[in-house]
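>>> Fold the stuff below for me.
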Amino acid sequence: MKLTNRAIENLRPEGTRRIVWDDELPGLGVVIQPTGTKSWVFNYRNADGVQRRFTIGKTSAIAADVARKKALALRGEIVKDRDPQGELEARRKSLTVGQLLDAYLACEKFQTLTPYNQQVTRARLNNHIRSTLGSQKCRALTRETIRRTVRTITEGGTSVDVKTGLRGRKIVRGGEGAARMAIRNLSTAWNWAKQENLLSEANPCEGVDLGRDGQREGYVESSAVYRQVFDTIDAMEAEGEIRSPVAAAIKLIAFTGMRRGEAANLRWRHFRGDHIRLEAGEHKAGKRTARPKIIALVDAARAAIESQPRGEDDDLVFQPARRSSGPTDLTHSWERIRGRAGIDSKLTLHSLRHSVASHMALAGAQGPEIMLALGHAQIATTTRYIHAAQEARAAIAEKAASVAVSALGENVVPLKRRSIAR
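Numbers count the residues shown, from 1 in each chain. A predicted model of the protein is given here:
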């Protein structure tokens, strides 16, 4: 029959599902369910000769003339070798961002990251990316979507401060740096998924301007400032403002130049008495160098470690608070220490590492020595400390000579200062 609105009203359900086809437009039909529900469908064969059935919609919502126009439009797409139903199924099966994150966080490549990098990457992806994009299909993401996400994170749209359990608290901060790192982590996950044939779409993070990382150039310039830091740590530990593991870990960073994550994730099996040994997969440069990192310990550094109760080989040296499931959080404690000590807010925990390298350079240490001590993978990272030390020594020499030079009077023509080659 010709499927008109009146004809469809007269169709009655039977004991089984059945289809009534239109006489005028091949492929157009109405499916009648035993419950009485009726739906427009369009049957066709795709370019590979596979028969498909596309559901246009329910007859109660779509009139016969509208259904006929939609069927004709579908036929036009099929003539162009399109497969409307196949494309619809592909969209339904495509990964959401949340599913992409689940797959990446469980993959072997992610497990090769150092424990600290696993911890912070998982937190960034869950707190910033999953919370904003988790339900969206990966195939629908564009550069503009990523730019909007960057703005959301930068402006604090993903920030939270909530209680967890009896004593716990979850604090998530946004900001420019958090946005930059979260999108970089998403980009890494996306590229991994493409390599594994889980995604075919271009990476929407590529080409998005994320700004530049700030140069962390601050360092502790004198023993007086170090004394301020250590006195403050001791006082806050004695008053119960910071825990003993936190105090000891920060001192260890100051004495050795270890990275924050290396100290927070230090385990008793790494401690060898006069040195610490981190295997290739346990420190940042290890993936590039494939070599372990050996950190020599002065007496004060060894004392910081030995101040903690000895545990099993795989136990963390600096135990987290009981309510925490991850390594000890050092960043927030350092901010409180720095504020109470009244020192420059530019001095981050990384500045303590930077300070070790800077004082080595000021003392005349060469690039390979600093590179070995800090575990850099490439000399370029180390070279900037040597340049900074050369500039500092030149400035000190100029100050030292200023009084004597002033005695020469105004007849002295100053030499042009040569810039140190970079």
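
>>> Check the gap between the residue nearest to A296 when sequence neighbours are not counted and T328 for me.
Nearest residue to A296 in three dimensions, chain neighbours excluded: H275, at 5.2 Å (Cβ to Cβ, 6 or more residues apart in numbering). (Each C-beta comes from the backbone N, C-alpha and C, glycine too.) Distance, H275 to T328, using Cβ to Cβ, to the nearest Å: 22 Å.

>>> who's more crowded, these two?
Between H275 and T328, T328 has the larger neighbour count (other Cβ atoms under 10 Å), namely 22 against 14.

>>> For the more buried one, pull up the helix or strand it's in.
For T328, there is no enclosing helix or strand under DSSP states H and E.

>>> How about the contacts made by it?
Going by Cβ atoms under 8 Å, 6 or more residues apart in numbering, T328 touches R243, P245, V246, A249, A264, L316, F318, Q319, P320, A321.

>>> redo that, cut-off 7 Å
Applying Cβ atoms under 7 Å, 6 or more residues apart in numbering, one finds that T328 lies in contact with P245, V246, A249, A264, F318, Q319, P320.

>>> Quick check: PyMOL command selecting the buried ones in the residues you listed.
One line in PyMOL is enough to select the buried members of these, burial here meaning 16 or more other Cβ atoms under 10 Å:
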select buried, resi 245+246+249+264+318+319+320
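
>>> For the contacts of T328, give me TSV that also has pLDDT.
Shown next, in TSV, are these (pLDDT from 0 to 100):
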residue	pLDDT
P245	95
V246	95
A249	95
A264	91
F318	95
Q319	93
P320	88
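
>>> Kindly present the contacts of T328 as CSV, with separate columns for secondary structure and distance to F42.
Below are the contacts of T328 laid out as CSV (DSSP: H, G, I helix; E, B strand; the rest coil; distance: Cβ to Cβ, whole Å):
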residue, secondary structure, distance to F42
P245, helix, 67
V246, helix, 67
A249, helix, 66
A264, helix, 60
F318, coil, 66
Q319, coil, 65
P320, coil, 60
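
>>> For E87, the count of nearby residues, please.
12.

>>> which element is it on?
Using DSSP H and E, E87 falls within helix 84-93.

>>> What of K170?
Going by DSSP H and E, K170 is part of strand 168-172.

>>> C-terminal to that strand, what's the next element?
helix 176-195.

>>> From L141, how far out is A178?
19 Å.

>>> Quick one: the helices in the stretch 251-400 of the chain, in order.
With DSSP state H, counting those that start in this stretch as the criterion, the stretch 251-400 of the chain has helices at 260-264, 286-289, 299-306, 331-341, 349-362, 367-374, 379-406.

>>> just the CA coordinates of the third one, formatted as PDB?
It stands for helix 299-306. Extracted in PDB, the C-alpha atoms of helix 299-306 (Å, rounded to 0.1, in the frame of the first residue of the first chain):
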ATOM      1  CA  ASP A 299      75.600  13.300  56.600                       C
ATOM      2  CA  ALA A 300      72.700  15.700  57.000                       C
ATOM      3  CA  ALA A 301      70.800  14.100  54.100                       C
ATOM      4  CA  ARG A 302      71.300  10.700  55.500                       C
ATOM      5  CA  ALA A 303      70.100  11.900  58.900                       C
ATOM      6  CA  ALA A 304      66.900  13.200  57.400                       C
ATOM      7  CA  ILE A 305      66.200   9.800  56.000                       C
ATOM      8  CA  GLU A 306      67.200   7.900  59.100                       C
END
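
>>> Give the buried residues for it.
For helix 299-306, by 16+ other Cβ under 10 Å, it's A301, R302, A304, I305.

>>> cool, and the fourth one?
Neighbour counts using 16+ other Cβ under 10 Å place S333, W334, I337, R338, A341 of helix 331-341 among the buried residues.

>>> Next, format those as JSON lines and append pLDDT.
JSON lines is the format used below for the buried residues of helix 331-341 (pLDDT from 0 to 100):
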{"residue": "S333", "pLDDT": "91"}
{"residue": "W334", "pLDDT": "91"}
{"residue": "I337", "pLDDT": "94"}
{"residue": "R338", "pLDDT": "91"}
{"residue": "A341", "pLDDT": "91"}
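
>>> which of these lies closest to K80?
Closest approach to K80 among these (Cβ to Cβ): W334, at 61.9 Å.

>>> residue contacts, that closest one?
Residues in contact with W334 (Cβ under 7 Å, 6+ apart) are I250, L349.

>>> Apply 6 Å and report the result again.
Going by Cβ atoms under 6 Å, 6 or more residues apart in numbering, W334 touches L349.

>>> Could you measure from it over to S39?
Remark: distance between W334 and S39 (Cβ to Cβ) = 63 Å.

>>> repeat for S60
9 Å.

>>> more crowded one of the two?
Shown here are S60 and S39; by other Cβ under 10 Å, S39 has more neighbours (19 against 10).

>>> can I get the buried residues of helix 299-306 in JSON lines with distance to G86 and pLDDT?
Shown next, in JSON lines, are the buried residues of helix 299-306 (distance: Cβ to Cβ, whole Å; pLDDT from 0 to 100):
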{"residue": "A301", "distance to G86": "63", "pLDDT": "91"}
{"residue": "R302", "distance to G86": "66", "pLDDT": "93"}
{"residue": "A304", "distance to G86": "63", "pLDDT": "95"}
{"residue": "I305", "distance to G86": "61", "pLDDT": "95"}
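
>>> want to try JSON lines for these, with distance to L25 as columns?
Output for these, formatted as JSON lines (distance: Cβ to Cβ, whole Å):
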{"residue": "A301", "distance to L25": "83"}
{"residue": "R302", "distance to L25": "86"}
{"residue": "A304", "distance to L25": "82"}
{"residue": "I305", "distance to L25": "81"}
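
>>> tell me which of these is nearest to V172?
Lowest distance from V172 to the buried residues of helix 299-306 (Cβ to Cβ) belongs to A304, with 30.0 Å.

>>> Tell me how many other residues surround the closest residue to G86 other than its chain neighbours.
Leaving out its chain neighbours, the residue that sits closest to G86 by Cβ to Cβ, 6+ apart is N46, at 6.2 Å. For N46, the neighbour count with other Cβ under 10 Å is 15.

>>> where do the helices sit along the stretch 1-150 of the chain?
Under DSSP H, counting those that start in this stretch, the stretch 1-150 of the chain gives helices at 5-9, 64-79, 84-93, 97-105, 108-111, 115-124, 131-133, 143-154.

>>> I'd like the average pLDDT over the last one.
Helix 143-154 shows an average pLDDT of 94 in the prediction.

>>> packing partners for the next helix or strand after it?
Counting by DSSP H and E, the next helix or strand C-terminal to helix 143-154 is strand 160-164. If you count contacts as 3 or more Cβ pairs under 6 Å, 6 or more residues apart in numbering; DSSP states H and E, strand 160-164 packs onto strand 168-172.
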